[in-house]
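A.B. asks: I'll drop the sequence and a predicted model, then ask my questions.
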Amino acid sequence: MSDDEARTPLSQLLAAMVKDGDLSRVSVPADWMQGRAIYGGLSVALCLQATYDHLGDDLPPLRSVECSFIGPSGSDLAIRPTVLRRGKSTAFVAVDLLSDTDIAARAILCFGKARESRIDHVDFAAPQAAAPEACETGFFTAAGRLAPNFTQHFDSRFVGGSMPVTGSESPEYLAWIRHKDTKIDPVIVGLAALADALPPASMASFSEPAPISTMTWHFDVLSDAPQTEDGWWLSSSRAEYARDGYSSQAMTVWNRAGEPMVIGRQNVAIFH
């Protein structure tokens, strides 16, 4: 069996989710795991898909996500979305991701319709970056044994910054990333999974491998309908503060045209 045949495409995993009353259930295969647990990006993607499955496609565009990763999530999951408030233009949905009977993650999703406004200001210019076709080194390929299982689902190109576990004094990454699966719909679900694919930036300062765990992740979606060319997204992760066993990092994703699509922050526990 080839590597491609051994992988479960994200679109197939999402399609396998089954509604069970107010829950959605799914079994996550080993190729989507990060050690014994699934990674944060997939947790949020599953929460989003369950919300769309239960509440329909009439939700306004996704504007913001706040997620706390409370405990490890095994392969057999139940996901419960609950509408907190639904108004004329916005909707707030709480989503619990359950592993056995324990809450592994809790997300608050904010959806909102576009409205007319005289304010139009953008100050998130994309960094100068060679096209992915001109970047020869794959980020996850170069990471080698440090790359967890789920990274096999992504193509990547290293653009700049450091690599994990290199003792860097500038803990940041810049890389092109895209899903190998081209059938993910809606795009925003796949983008949520991809936006957390890079390892926490503080790992670039590690002198040797050590455990690390994302505690919280907040991100804003800056487009009603994020799109890019050829599936490529330019992803940046930068640790701005690391002390006392925790790191605070900034994250941004631009599309191929250099338009900002997602901007966020994470708090990460480090054990080094």
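C.D. replies: Good, I have the coordinates.

A.B. asks: going by C-alpha atoms from here, please, whenever you check contacts or count neighbours.
C.D. replies: Fine.

A.B. asks: the helix or strand harbouring residue 85 pairs with which strands, and in what direction?
C.D. replies: If you go by DSSP states H and E, residue 85 is part of strand 76-86. With DSSP bridges as the test, strand 76-86 is paired with strand 23-27 (antiparallel), strand 90-99 (antiparallel).

A.B. asks: who touches it?
C.D. replies: The contact list for strand 76-86 (C-alpha atoms under 8 Å, 6 or more residues apart in numbering) reads 22-28, 46-47, 50-51, 54, 91-100.

A.B. asks: list the buried ones in it?
C.D. replies: Using 16 or more other C-alpha atoms under 10 Å as the test for burial, strand 76-86 gives 77, 78, 79, 80, 81, 82.

A.B. asks: quick check, pLDDT for the closest residue in space to the fourth one that isn't next to it in sequence.
C.D. replies: Counting by C-alpha to C-alpha, 6 or more residues apart in numbering, residue 80 lies nearest to residue 23, which is 4.7 Å off, once chain neighbours are set aside. Reported pLDDT at residue 23 in the predicted model: 97.

A.B. asks: who is residue 23 paired with across the strands?
C.D. replies: Assigned bridge partners for residue 23, using DSSP bridges, are residue 20.

A.B. asks: count the neighbours of residue 245 for me.
C.D. replies: 11 (other C-alpha atoms under 10 Å).

A.B. asks: how about the helices of this protein, start to end?
C.D. replies: Secondary structure of the chain (DSSP state H): helices located at 3-6, 10-15, 40-55, 139-143, 187-195.

A.B. asks: what angle do the strand holding residue 85 and helix 40-55 make?
C.D. replies: 60 degrees (axes from the mean of the first three to the mean of the last three C-alpha atoms, to 10 degrees).

A.B. asks: state the mean pLDDT of strand 76-86.
C.D. replies: Averaging pLDDT along strand 76-86 gives 97.

A.B. asks: before we move on, what about stretch 108-120?
C.D. replies: Across stretch 108-120, the average pLDDT comes to 94.

A.B. asks: re the thing from before, taking the contacts of strand 76-86, please make a ChimeraX selection of just the buried ones.
C.D. replies: Under the burial definition 16+ other C-alpha under 10 Å, those of these that qualify are selected in ChimeraX by:
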select :23,24,25,26,28,46,47,50,51,54,91,92,93,94,95,96,97,98,99
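
A.B. asks: so where do the strands sit in the stretch 51-200 of the chain?
C.D. replies: 62-69, 76-86, 90-99, 102-112, 154-161, 172-179 (DSSP state E, counting those that start in this stretch).

A.B. asks: next, format these as CSV and append distance to residue 267.
C.D. replies: Shown next, in CSV, are those (distance: least, C-alpha to C-alpha, whole Å):
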stretch, distance to residue 267
strand 62-69, 10
strand 76-86, 23
strand 90-99, 19
strand 102-112, 14
strand 154-161, 20
strand 172-179, 15
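
A.B. asks: between these, which one is nearest to residue 216?
C.D. replies: With C-alpha to C-alpha, the closest approach to residue 216 among the strands of the stretch 51-200 of the chain belongs to strand 62-69: 4.5 Å.

A.B. asks: since that was my last question, I'll sign off now.
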